[in-house]
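1. what's the 3D shape of this:
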Amino acid sequence: MGARAIAFALPVAIWVSPLHVEPKAQHALAIAAFIIVAWTTEVMDHGVAGLVGCYLFWALGVVPIQTAFGGFVSDTPWFSLGAILLGIMATSTGLARRVGYLILSRVGSSYPRLLLGMIMLSFVLTFLVPSGLARVAIMAPLALSLMEAFGMGRGSNVGRGMFLILTYTASIFDKTIIAGAAAITARGVMENIGGVDVLWSRWFVAFLPIQAVTVFFAWRMTLWLYPAEQLSLPGGGVSFLSAELQNLGPMKAPERKALALMLGAMALWTTDFLHHLSPAVIGLGAGLLAISPVVGAISTRDLGRMNYLLSFFFVGSAVSMGQVLKATNGLARLSQVLFAWMRPLAGHVSILSVVLYWTGFLYHIFLGSEVSMLGASMPSVMNMAHTNGWSPLLVGMIWTFSSGGKIFAYQSTVTIAGYAYGYFRAKDLMRLGICMSILDSIQLLVLVSVYWPWLGLRVVGN
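-> Numbers count the residues shown, from 1 in each chain. Next up, the predicted model:
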C-alpha cells in the first residue's frame, strides 16, 4: 500500500510544486517519476506502467503522440522482440537442450570440469538464447539432473557452486554482449538520446577480454568459495548426460533450421561494421523467418507463451520516456541533479571509469531491476556525457556493464529465478557478487586505459 501511495503522490507533488522550471519539463518529470517509482516498487507490471506513462505524456498534453510513443517507432523494441523469437526457436526445437548436453558431456566427470562446463554453456547459449532468464530455465534442469545422478542436494557445495555460477554468468554475459532486455534497452536509449551508432560487433569486441577473464575467474572463485565434498564425481553423471544426448537422437529438421537461422543471424551481427544493418533488422528478420510456413521453426502456440509486456512494451516505453524528457528539456534538469558532481572528473579518464562503474553499481541496488535501472537512468547518463564532452557510446557501455554486478537476488529476474531453486543462500550471492564486482571494476580500468584506446575508442574526446 505504501509503494502505491508513493507512486501516485510523488508525481502529483512534482506536478504542482513551484520548481521554477518550464511547465512542460516539470510535467514530464512528474510523469517520469510515476514510471520510475512504479518500475522500482513493481506496483504494476513494467510494461503496463510504461504504457500508462506514455499515455499520460500524450493525454495530458505534455508532448504530441508521435513523441509520447516515439520509442515504439525506434528499432529497439523490435530488436527485443526478435531476440525473444530466436530464444523461443532455440528452446522449442530442442536445439538449446542438445547444445547443453553436448557441452557438458564433453567436459568430464569432476566437479571442476563440470563447473567450467556450466560457465561455457552459459556463454554459448547467450548467442542462441538472448535472454538470461531463459538460459537459467534451460540450464537449471540440467544441473538438477546432475545433482540427482551424483546424490547431491540442497546445502551441498556442489549444488551451491553450480546454481550460483549458472545464475550469475547468465546475468553478466547479457551485458558484455547485446542480449536480453536490459542491454537492448540501453542500446536503444544510447542511439536515440545519445545520438551514436551502437554496433553489435563493436560492443562484442570491446568487452571480449572481460568475457574471457570472467569465465576463468568465476570458475576459480567458485571452486575456492565452494570446494566440492568429493572432488571426483561418480561416472554416472557423464553417463546420464551421454544417455540423454543419445535419447535426443539425430538432429531433426526443426533443429537444423533453427541452427541455420541462428548462425546466419550471428554472422550478420558480427559483421555489422561492414553492412551496417541494424541488429533489430537481423534479429526480427530471423525470428519472422522462423515463424513463416517455409521454415516453421516456431508455432503460433509458441508465440502465445511470450511475455510481450516485458519484451516489447516495457522496452518501447523506456525509450519513449527518454525521448519525452529530452524533447521537454526535463532531461537536462534531471541530469544536473543526479550527475553534476562528476564534472571535475572529466580530465581523469581512469578515475572516471571506476566512479561510473561503482555509481551504477550503487544506483542499481536502490533502483532494483536492471531493466528499470537502465531504462530510467540511461537518458540522464547520455545527457551527462554530452554536457561534459564524454563519449556517449563508451559512457553508456560502462553504465550498462555496471548493472551486471549483483549482490542481492531482487536486482534481476535472472537472479530471482536462480535463487528460487533453493540451492544457494542470499549471503552466497553476496560473497560471489562482491568478488566479481571488484574484479569487473579492475578489468574496466584496464579496458578504458589500455585496450579501448588501442581499438581507437576513448571516453573523453571520442
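2. Next, find the distance separating Ser434 from Ala218.
-> Careful, residue 434 is Ile and not Ser. 13 Å (C-beta to C-beta, to the nearest Å). Quick note: C-beta positions are derived from backbone N, CA and C, even for glycine.
3. if you count what's nearby, which of these two comes out ahead?
-> Taking Ile434 and Ala218 together and counting by other C-beta atoms under 10 Å, Ala218 has the greater number of neighbours (24 against 13).
4. My guess is that one contacts Met436. True?
-> Yes: assessed by C-beta atoms under 8 Å, Ala218 is found in contact with Met436 at 6.5 Å.
5. Can you tell me the centre-most residue of the chain?
-> Centroid-nearest residue in the chain, with C-alpha atoms, centre = their mean: Ala182, separated by 3.7 Å.
6. roughly how far is the helix or strand that contains Trp224 from the heart of the chain?
-> Per DSSP states H and E: Trp224 is located in helix 208-225. Here helix 208-225 is found 19 Å from its chain centre; the criterion is C-alpha atoms, centre = their mean, to the nearest Å.
7. avg pLDDT for the helix or strand hosting Ile438?
-> Using DSSP H and E, Ile438 maps to helix 426-446. Averaged over helix 426-446, pLDDT sits at 89.
8. Buried residues, that helix. List them.
-> 428-429, 431-433, 435-437, 439-441, 443-445 (16 or more other C-beta atoms under 10 Å).
9. which secondary structure elements does it contact?
-> Counting contacts by 3 or more C-beta pairs under 8 Å, 6 or more residues apart in numbering; DSSP states H and E, helix 426-446 packs against helix 157-176, helix 208-225, helix 349-367, helix 392-402, helix 413-420.
10. any residues touching that helix, and which ones?
-> The contact list for helix 426-446 (C-beta atoms under 8 Å, 6 or more residues apart in numbering) reads 160, 164, 167-168, 172, 209-210, 213-214, 217-218, 221-222, 225-226, 350, 353-354, 357-358, 361, 398, 401, 404-409, 415, 419.
11. Which of the helices or strands spans the nearest residue to Leu393 once chain neighbours are set aside?
-> Counting by C-beta to C-beta, 6 or more residues apart in numbering, Leu393 lies nearest to Val196, which is 4.5 Å off, once chain neighbours are set aside. Assigned by DSSP H and E, Val196 falls within no helix or strand.
12. Please tell me how far Val196 sits from Leu394.
-> With distances taken as C-beta to C-beta, Val196 is found 9 Å from Leu394.
13. between these two, who's got more neighbours?
-> Each of Val196 and Leu394 has its neighbours counted (other C-beta under 10 Å); Leu394 has more, 23 against 19.
14. Contacts only, for that one.
-> Leu394 is in contact with 448, 452, 457-459, 462, counting by C-beta under 8 Å, 6+ apart.
15. Now render the residues you listed as JSON lines, adding neighbour count, distance to Gly100 and secondary structure.
-> As requested, these are exported to JSON lines (neighbours: other C-beta atoms under 10 Å; distance: C-beta to C-beta, whole Å; DSSP: H, G, I helix; E, B strand; the rest coil):
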{"residue": "Val448", "neighbour count": "25", "distance to Gly100": "35", "secondary structure": "helix"}
{"residue": "Trp452", "neighbour count": "21", "distance to Gly100": "34", "secondary structure": "helix"}
{"residue": "Leu457", "neighbour count": "18", "distance to Gly100": "34", "secondary structure": "coil"}
{"residue": "Arg458", "neighbour count": "14", "distance to Gly100": "40", "secondary structure": "coil"}
{"residue": "Val459", "neighbour count": "23", "distance to Gly100": "38", "secondary structure": "coil"}
{"residue": "Asn462", "neighbour count": "16", "distance to Gly100": "39", "secondary structure": "coil"}
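16. Between those, which sits nearest Gly296?
-> Leu457 (42.0 Å; C-beta to C-beta).
17. Looks like the closest one contacts Ala206 (just checking).
-> Yes: in this structure Leu457 lies within contact range of Ala206 using C-beta under 8 Å: 6.5 Å.
18. Check for me that Pro250 belongs to a helix.
-> No: going by DSSP: H, G, I helix; E, B strand; the rest coil, the assignment for Pro250 is coil, not a helix.
19. Against Ser242, how distant is it?
-> 15 Å.
20. Comparing these two, which residue is more hemmed in?
-> Counted by other C-beta under 10 Å, Pro250 and Ser242 do not tie: Ser242 has more neighbours, with 15 against 6.
21. So Pro293 lies in a strand, does it not?
-> No: counting by three-state DSSP, Pro293 falls outside a strand, being coil.
22. Distance-wise, check it relative to Met89.
-> From Pro293 to Met89 the distance is 15 Å (C-beta to C-beta).
23. okay, these two: which has more neighbours?
-> Comparing Pro293 with Met89 by other C-beta under 10 Å, the one with more neighbours is Met89, at 29 against 5.
24. Are we agreed that that one is in a helix?
-> Yes: under three-state DSSP, Met89 falls within a helix.
25. what's near enough to touch it?
-> Applying C-beta under 8 Å, 6+ apart, the residues near Met89 are 95, 258, 261-262, 287, 290, 297-298.
26. Max pairwise distance over those: which two?
-> Leu95 and Gly287 (14.4 Å).
27. wait, isn't the residue nearest to the centre of the chain in contact with Lys175?
-> Yes: Ala182 is within contact range of Lys175, at 7.1 Å (criterion: C-beta under 8 Å).
28. now the helices for the stretch 251-400 of the chain?
-> Here the stretch 251-400 of the chain has its helices, by DSSP state H, counting those that start in this stretch, at 253-270, 272-275, 279-291, 300-303, 308, 315-327, 330-339, 349-367, 370-388, 392-402.
29. Report the distance from the last one to the chain centre.
-> So that's helix 392-402. 13 Å.
30. Can I get it in CSV, CA atoms only?
-> Output in CSV follows, covering the C-alpha atoms of helix 392-402 (Å, rounded to 0.1, in the frame of the first residue of the first chain):
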residue,chain,number,x,y,z
PRO,A,392,28.1,8.8,-25.2
LEU,A,393,28.9,5.4,-26.6
LEU,A,394,31.6,4.4,-24.1
VAL,A,395,29.9,6.0,-21.1
GLY,A,396,26.8,4.1,-22.0
MET,A,397,28.7,0.9,-22.3
ILE,A,398,30.3,1.4,-18.9
TRP,A,399,26.9,2.2,-17.3
THR,A,400,25.3,-0.8,-18.9
PHE,A,401,28.1,-3.0,-17.7
SER,A,402,27.8,-1.7,-14.1
